[in-house]
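Chemist: Build the 3D model from these lines:
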Amino acid sequence: MKFVEYADSEMLAIDLANVLVGELGAVLRHQDRALLVVPGGSTPGPIFDSLCAANLDWGRVDVLLSDERWRPEEHVRSNTRLIRERLLVGRAAAANLLPLYMKDRTPAEAAPQLAGRIAGHLPISVMLLGMGADMHTASLFPRAPGLEAALDPQAAILVPVEMPDAPEPRISLSAAVLNGAMSKHIVITGMAKRRAIEAARGLHPLEAPVAAILSDATVHWAEG
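Modeler: Coordinates of the predicted model:
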């Protein structure tokens, strides 16, 4: 794991966006298309604001969420809504979004068909993930039902996630797909998350799911 510290979150957003653009551009110089995986949540928003304006051949970029809350795109909790509003705008509007939601299906019912649309685009070219203070990443939560299966190297591309007391079910890329990314970045802010990711290095992925993808990852951190 490589750890990069920034003076503040604004500098983090600008510099990390530049890193992602550089890596995507390098992929597109050697391949017809590139697959960019991004997280939902509030932390990546400023990164998306810089990324969407980049001078990149976005028409050759496929964008995929690392995970999705099982809500229609117009719902306030939809991660797809976030990236449509903050990433797939400006120049980046030309990118191709790979969906992670199907109306009138459960995550378990939809997973095989959604995975079929993703399979031909793998492996991930460039990946940006977040992490919670509980050391979850994507929708892989500590001690969650089904986590052991999601961490299995032979797991399917997509795994349904049911969390007790959660507002909705979720769907997530499995650890094997995430860990297979050619370039892996994790963005975190605040001291609590810095302590958490340092602790995760010595824990089993069942306790700290982010540990499953830390090998060769670059962690980008600012205090706030």
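Chemist: Which neighbouring elements make contact with the lengthiest helix in the chain?
Modeler: Ranked by residue count under DSSP state H, the longest helix found in the chain is helix 9-28. Packing partners of helix 9-28 (3 or more Cβ pairs under 8 Å, 6 or more residues apart in numbering; DSSP states H and E): strand 34-38, helix 45-51, strand 126-129, strand 184-189, strand 217-222. No exception for glycine: its C-beta is placed from N, CA and C like everyone else's.
Chemist: Out of these, which is closest to N18?
Modeler: helix 45-51 (7.7 Å; Cβ to Cβ).
Chemist: Could you list every helix and strand in contact with that closest one?
Modeler: helix 9-28, helix 79-86.
Chemist: Dump the ones you listed to TSV, plus distance to V38 and mean neighbour count.
Modeler: TSV is the format used below for the helices and strands packed on helix 45-51 (distance: least, Cβ to Cβ, whole Å; neighbours: other Cβ atoms under 10 Å):
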stretch	distance to V38	mean neighbour count
helix 9-28	9	18
helix 79-86	6	19
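Chemist: Columns mean pLDDT and distance to L206 on top of the ones you listed, output as JSON lines?
Modeler: Converted to JSON lines, the helices and strands packed on helix 45-51 look like this (pLDDT from 0 to 100; distance: least, Cβ to Cβ, whole Å):
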{"stretch": "helix 9-28", "mean pLDDT": "98", "distance to L206": "29"}
{"stretch": "helix 79-86", "mean pLDDT": "95", "distance to L206": "25"}
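Chemist: Reformat these as TSV; add distance to C52.
Modeler: Formatted as TSV, the helices and strands packed on helix 45-51 follow (distance: least, Cβ to Cβ, whole Å):
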stretch	distance to C52
helix 9-28	9
helix 79-86	7
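Chemist: Can you say which of those helices is nearest to S183?
Modeler: Per Cβ to Cβ, nearest to S183 of the helices and strands packed on helix 45-51: helix 9-28, 5.1 Å.
Chemist: hang on, the earlier thing: gap between the longest helix of the chain and the chain center?
Modeler: From the chain centre to the centre of helix 9-28 is a distance of 15 Å (Cα atoms, centre = their mean, to the nearest Å).
Chemist: just stretch 5-17 next, same as before
Modeler: 18 Å.
Chemist: With just CA atoms, put it into PDB.
Modeler: Provided in PDB are the C-alpha atoms of stretch 5-17 (Å, rounded to 0.1, in the frame of the first residue of the first chain):
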ATOM      1  CA  GLU A   5      -1.000  12.800   2.000                       C
ATOM      2  CA  TYR A   6      -2.300  16.200   0.800                       C
ATOM      3  CA  ALA A   7      -2.400  19.600   2.400                       C
ATOM      4  CA  ASP A   8      -6.200  19.800   2.100                       C
ATOM      5  CA  SER A   9      -9.200  18.100   0.500                       C
ATOM      6  CA  GLU A  10      -9.300  20.600  -2.400                       C
ATOM      7  CA  MET A  11      -5.700  19.800  -3.400                       C
ATOM      8  CA  LEU A  12      -6.500  16.100  -3.000                       C
ATOM      9  CA  ALA A  13      -9.400  16.400  -5.400                       C
ATOM     10  CA  ILE A  14      -7.500  18.300  -8.100                       C
ATOM     11  CA  ASP A  15      -4.300  16.200  -7.900                       C
ATOM     12  CA  LEU A  16      -6.100  12.900  -7.800                       C
ATOM     13  CA  ALA A  17      -8.300  13.800 -10.700                       C
END
